[in-house]
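Asker: After the sequence you'll find the predicted model.
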Amino acid sequence: GEDVEQSLFLSVREGDSSVINCTYTDSSSTYLYWYKQEPGAGLQLLTYIFSNMDMKQDQRLTVLLNKKDKHLSLRIADTQTGDSAIYFCAETTTGGFKTIFGAGTRLFVKA
Amino acid sequence: NAGVMQNPRHLVRRRGQEARLRCSPMKGHSHVYWYRQLPEEGLKFMVYLQKENIIDESGMPKERFSAEFPKEGPSILRIQQVVRGDSAAYFCASSPGQGEQPQHFGDGTRLSIL
């Protein structure tokens, strides 16, 4: 079945790097996403990667995909207090319409 | 270019009342998806609609919930005889075509049941 798992909490100091990890089960997933949600707000699409890629970098964000292990990670360089939020990993299969979300990782950034 | 618009942002209802949540997709998008986020959880797929058609409603509770996307106007998610367990954030997303990614999300409607 389809399932996406993430650790629930991560705490880092301001200026350090944050690494948020995710595992998924659907081997036919073709799109994998990272969304950010601040308290009381909607979902902000941070970045996404196609399953035929193994890395994508966008400014402070680096996404790594290990398709063999079905493992996705998001690295945030130079983490700031404004990065404190919930980060959701999600997947969609080819031609699919359901996006399957993990339960979210709550990132706390200490000044 | 306006994004996905949902209203109201917050909705309070008493048990037994009806809740209507509206979603206007992005311009040029004809596919709408509804998701529910319970407190402290991720989003769960509810229903996928095209104009005047329900394509998949496998995530929708069998009773009290219905969705429509008429030829004109926004998509509506309707919850009849609401109960406390319906309290959640309801998100709408849209895409230009079936399965086209990524889906663009609205800011959600937060439904509170008294």
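Answerer: Arrived safely, thanks for sending.

Asker: from what I can see B:Cys57 touches B:Tyr33, true?
Answerer: No Cys there; residue B:57 is Glu. No: with contact defined as CB atoms under 8 Å, B:Glu57 does not count as touching B:Tyr33 (11.0 Å). Backbone N, C-alpha and C define where each C-beta goes, glycine included.

Asker: Need the residues touching each of these two.
Answerer: B:Met46, B:Val47, B:Tyr48 (CB atoms under 8 Å, 6 or more residues apart in numbering or on different chains).

Asker: ok, which residues in chain A are in contact with chain B?
Answerer: A:4, A:31, A:33, A:35, A:40-43, A:45, A:48, A:88, A:90, A:92, A:94-104 (CB under 8 Å from any CB of the partner chain).

Asker: Can you select the buried ones among those for me in ChimeraX?
Answerer: The following ChimeraX line selects those of the residues of chain A next to chain B that are buried, judged by 16 or more other CB atoms under 10 Å in any protein chain shown:
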select /A:4,31,33,35,42,43,48,88,90,92,96,97,98,99,100,101,102,103,104
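
Asker: so of the residues of chain A next to chain B, which ones are in helices?
Answerer: Applying DSSP state H to the residues of chain A next to chain B, no entry is found in helices.

Asker: among the residues of chain A next to chain B, which are in strands?
Answerer: A:Val4, A:Tyr31, A:Tyr33, A:Tyr35, A:Leu43, A:Leu45, A:Tyr48, A:Phe88, A:Ala90, A:Thr92, A:Ile100, A:Phe101 (DSSP state E).

Asker: Kindly reformat these as JSON lines and extend each row with pLDDT and distance to B:Asn53.
Answerer: Shown next, in JSON lines, are those (pLDDT from 0 to 100; distance: CB to CB, whole Å):
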{"residue": "A:Val4", "pLDDT": "91", "distance to B:Asn53": "28"}
{"residue": "A:Tyr31", "pLDDT": "86", "distance to B:Asn53": "24"}
{"residue": "A:Tyr33", "pLDDT": "92", "distance to B:Asn53": "26"}
{"residue": "A:Tyr35", "pLDDT": "94", "distance to B:Asn53": "27"}
{"residue": "A:Leu43", "pLDDT": "88", "distance to B:Asn53": "25"}
{"residue": "A:Leu45", "pLDDT": "89", "distance to B:Asn53": "26"}
{"residue": "A:Tyr48", "pLDDT": "91", "distance to B:Asn53": "27"}
{"residue": "A:Phe88", "pLDDT": "95", "distance to B:Asn53": "28"}
{"residue": "A:Ala90", "pLDDT": "92", "distance to B:Asn53": "25"}
{"residue": "A:Thr92", "pLDDT": "84", "distance to B:Asn53": "20"}
{"residue": "A:Ile100", "pLDDT": "88", "distance to B:Asn53": "23"}
{"residue": "A:Phe101", "pLDDT": "91", "distance to B:Asn53": "25"}
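
Asker: just the residues you listed now: which is nearest B:Gly73?
Answerer: A:Leu43 (24.0 Å; CB to CB).

Asker: what sits opposite that closest one in the beta ladder?
Answerer: A:Gln37 (DSSP bridges).

Asker: ok, it - contacts?
Answerer: Residues near A:Leu43 by CB under 8 Å, 6+ apart: A:Tyr35, A:Lys36, A:Gln37, A:Phe88, B:Leu43, B:Phe91, B:Phe105.

Asker: What is the nearest of those residues to A:Tyr24?
Answerer: Of the contacts of A:Leu43, the one sitting nearest to A:Tyr24 (CB to CB) turns out to be A:Phe88, at 12.3 Å.

Asker: Extract the residue ranges of the chain that are flagged as low pLDDT.
Answerer: If you meant another chain, say so; for now it's chain A. Counting by pLDDT under 70, chain A shows low-confidence ranges at A:1-2, A:94-95.

Asker: actually chain B
Answerer: Within chain B, the stretches with pLDDT under 70 are B:1-2, B:99-101.
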